[in-house]
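**Student:** I'll drop the sequence and a predicted model, then ask my questions.
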Amino acid sequence: MTSPKRPAARTKKPEQTFVERHGLWTAAQHRAADEVERAIKRHKLEVVRFSFCDQHGALRGKTLIASEAIKLLRRGVTMTTTLLCKDTSHKTVFPVFTEGGGLGLPEMQGAGDFLMVPDPETFRILPFAEATGWLLCDIVFANGKPVPFSTRQIARDALARLGRQGFDAMFGLEVEFHLFKIDAPNLSVDSIVWPPTPPSVSLTTAGFQYLTEPRFDQVEPIITILRRTMQALDLPVRSVELELGPSQYEFTFAPAEGLATGDMMVLFRSVMKQVARRHGYLASFMCRPRFEGMFACGWHLHQSLIDRKTKANAFVSDTPGEVLSPLGCHYLAGLLAHAQAGAAFATPTLNGYKRYQRAYAMSPIQAIWARDNRGVMLRVMGEPGDSSTHIENRIGEPLANPYLYMASQIHAGLDGIARKLDPGPSADTPYDVAAEALPHSLAEACVALRADGCFRETFGTGFIDYFADLKEAEIARAKAESGAELDPVNVSDWEHGEYFDME
């Protein structure tokens, strides 16, 4: 007698992960995630840091045990939405417990959660932290909707808009900063204030010896540690330079396409502070600290467009005597047309505007351009037929959020191309030219930002108002806590406390 056949057991279909359910990764990212899992196990990592870049350009996140990191790689890691409501002192600006969380978004009401979703292609093993991995994340709401205040997504959207016009963006970084020796961390429980008192420091160089080899050699041991760390993270360091001011340095990096440059900047800045601190030093990206004789630091953003079809630099001129192609000239003019509003993204702190006050100071004071001239806002580099032709924007400060800085350049440049704007002649003697001044304060920049129709359309009115509200709250707190109007030239105690050790 033949036994009746039993029905085949049904194979349970695996439940979709959060990433799969909402289509958050590309095929390449899915493959990279598999490799991340293998790398965590192969290198016997103990923890993985999940980080996202906030509205101010700082990395925030959580550290997960390796087994949990693997579990949540495709599910996301929860973070509180109040992080998106904080100013540079980490104080909450918006009324998060009102309807819509103070920003008109039900997902943010009641200080609810959003999710950090890692970009597996950003995975690194941190060379300075034992058995530690690192992932840069994008942020989305728990219902899968995009967070409108995600600055990395804003840059990605700008790059996608550029791509629809047939171009990719190439950016290069040139970042100045100060490096000090910590004398006292100022961590006494008797002196708790918010923001905390910065460490007391001393100089690493006396300054006023620009690019001299003996002075550089004095700090070579710590600089070598910092440089090797960046190279171990696969950041394309080109040079390490001794600047003119006391304790002032500069790192430059090879150009990279698109989002990679923003990712490079946030990782560089955060790791620089972490590694310096582990060795008893403080790396400060504040524009000008409150010490006598300090020189201001800038962040110069080099940029060009690459034609997607030909892979050629679209800024290269084929006309004798012309430094830029017609398209490059229109892009340049767009940057000039939106310079006042764009300053809010390129220089988002009160302290950064100390750079725009004085002529002959190797920093811009007007919205002008010139060919290979360091006295202007936009320095154009190249010759007809030179494939390295590009524009260097010298307006930025080192604390700027790179994604917003980059996005503002793309949107402004595309507006110049769309309207076929003319940048005018090269300002070869820049301090003899009468032109529109750059904003003298963050307040002026915020007024210009709110009034800029191009940025309202491209960033979205909601984001422009959100960002301006954050900055204006910072300005109001500065006035209230310092008890006076801030000096446009001299650095105040308030600024030093706010920005000197800002993460």
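**Tutor:** Okay, I see it. Note that the coordinates shown come from a computational prediction; the quantities given were computed from them, not determined experimentally.
**Student:** the nearest residue to residue 286 once chain neighbours are set aside and residue 279: what is the separation?
**Tutor:** Leaving aside its sequence neighbours, residue 286 sits nearest to residue 499 (C-beta to C-beta, 6 or more residues apart in numbering; 4.1 Å). Where C-beta positions appear, they are placed from N, C-alpha and C, glycine not excepted. According to C-beta to C-beta, to the nearest Å, residue 499 stands 22 Å off from residue 279.
**Student:** between these two, who's got more neighbours?
**Tutor:** residue 499 (26 against 13; other C-beta atoms under 10 Å).
**Student:** hang on, the earlier thing: do you know how far the residue nearest to residue 286 is from residue 481?
**Tutor:** 13 Å.
**Student:** and the pLDDT for the closest residue to residue 319 other than its chain neighbours?
**Tutor:** Distance criterion C-beta to C-beta, 6+ apart; nearest residue to residue 319, sequence neighbours excluded, is residue 384 at 6.2 Å. pLDDT, residue 384: 95.
**Student:** show me where the stretch 101-250 of the chain has its helices.
**Tutor:** Applying DSSP state H, counting those that start in this stretch to the stretch 101-250 of the chain gives helices spanning 151-164, 213-218, 220-232.
**Student:** with the stretch 401-503 of the chain instead?
**Tutor:** 402-418, 442-451, 453-459, 461-482, 493-499.
**Student:** mind listing what's buried in the second one?
**Tutor:** I take that to be helix 442-451. Buried residues in helix 442-451, counted by 16 or more other C-beta atoms under 10 Å: 442-450.
**Student:** and the fourth one, by the same measure?
**Tutor:** Using 16+ other C-beta under 10 Å as the burial criterion, the residues of helix 461-482 that qualify are 463-464, 466-475, 477-478, 482.
**Student:** for residue 132, grab the count of nearby residues.
**Tutor:** Residues near residue 132, counting by other C-beta under 10 Å, number 18.
**Student:** residue 40 versus that one, what's the distance?
**Tutor:** 11 Å.
**Student:** read off the pLDDT value for residue 14.
**Tutor:** Residue-level pLDDT assigned to residue 14 equals 71.
**Student:** mind listing what residue 64 touches?
**Tutor:** If you count contacts by C-beta atoms under 8 Å, 6 or more residues apart in numbering, residue 64 has them with 47-50, 72, 77.
**Student:** quick check: strands, which of these are part of them?
**Tutor:** 47-50, 77 (DSSP state E).
**Student:** how much space separates residue 41 from residue 135?
**Tutor:** 15 Å.
**Student:** list the contacts of the nearest residue to residue 119 once chain neighbours are set aside.
**Tutor:** Distances taken as C-beta to C-beta, 6+ apart place residue 136 nearest to residue 119, at 5.6 Å, with adjacent residues excluded. Residue 136 makes contact with 51-53, 118-119, 122, 152, 263, 266-267, according to C-beta under 8 Å, 6+ apart.
**Student:** what is the nearest of the residues you listed to residue 232?
**Tutor:** Nearest to residue 232 among the contacts of residue 136 is residue 267, at 11.8 Å by C-beta to C-beta.
**Student:** the closest one: neighbour count?
**Tutor:** 22.
**Student:** check for me that the residue nearest to residue 319 belongs to a strand.
**Tutor:** No. Counting by DSSP: H, G, I helix; E, B strand; the rest coil, one finds residue 384 to be coil, located in no strand.
**Student:** ok, it touching residue 324?
**Tutor:** No. With contact defined as C-beta atoms under 8 Å, residue 384 does not reach residue 324; the gap is 9.4 Å.
**Student:** so what sits against both of these two?
**Tutor:** Common neighbours of residue 384 and residue 324 (C-beta under 8 Å, 6+ apart) are residue 317.
**Student:** which one's more surrounded, the two?
**Tutor:** residue 324 (25 against 15).
**Student:** nearest residue to residue 229 in space, please, no chain neighbours.
**Tutor:** Nearest to residue 229 is residue 275, by C-beta to C-beta, 6+ apart, at 5.1 Å.
**Student:** what's the spacing between the spatially closest residue to residue 90 that is not a sequence neighbour and residue 54?
**Tutor:** Among residues not flanking residue 90 along the chain, residue 195 sits closest, at 7.3 Å (C-beta to C-beta, 6+ apart). Taking C-beta to C-beta as the criterion, residue 195 is separated from residue 54 by 15 Å.
**Student:** which one's more surrounded, those two?
**Tutor:** residue 54 (22 against 18).
**Student:** contacting residues around residue 350?
**Tutor:** 441-442, 474-475, 478, 486, 495, 498.
**Student:** adding distance to residue 380 and mean pLDDT, write the helices of the stretch 401-503 of the chain out as a markdown table.
**Tutor:** Below are the helices of the stretch 401-503 of the chain laid out as a markdown table (distance: least, C-beta to C-beta, whole Å; pLDDT from 0 to 100):
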| stretch | distance to residue 380 | mean pLDDT |
| --- | --- | --- |
| helix 402-418 | 13 | 98 |
| helix 442-451 | 24 | 97 |
| helix 453-459 | 22 | 98 |
| helix 461-482 | 29 | 96 |
| helix 493-499 | 31 | 95 |
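**Student:** thanks again, I'm all set now.
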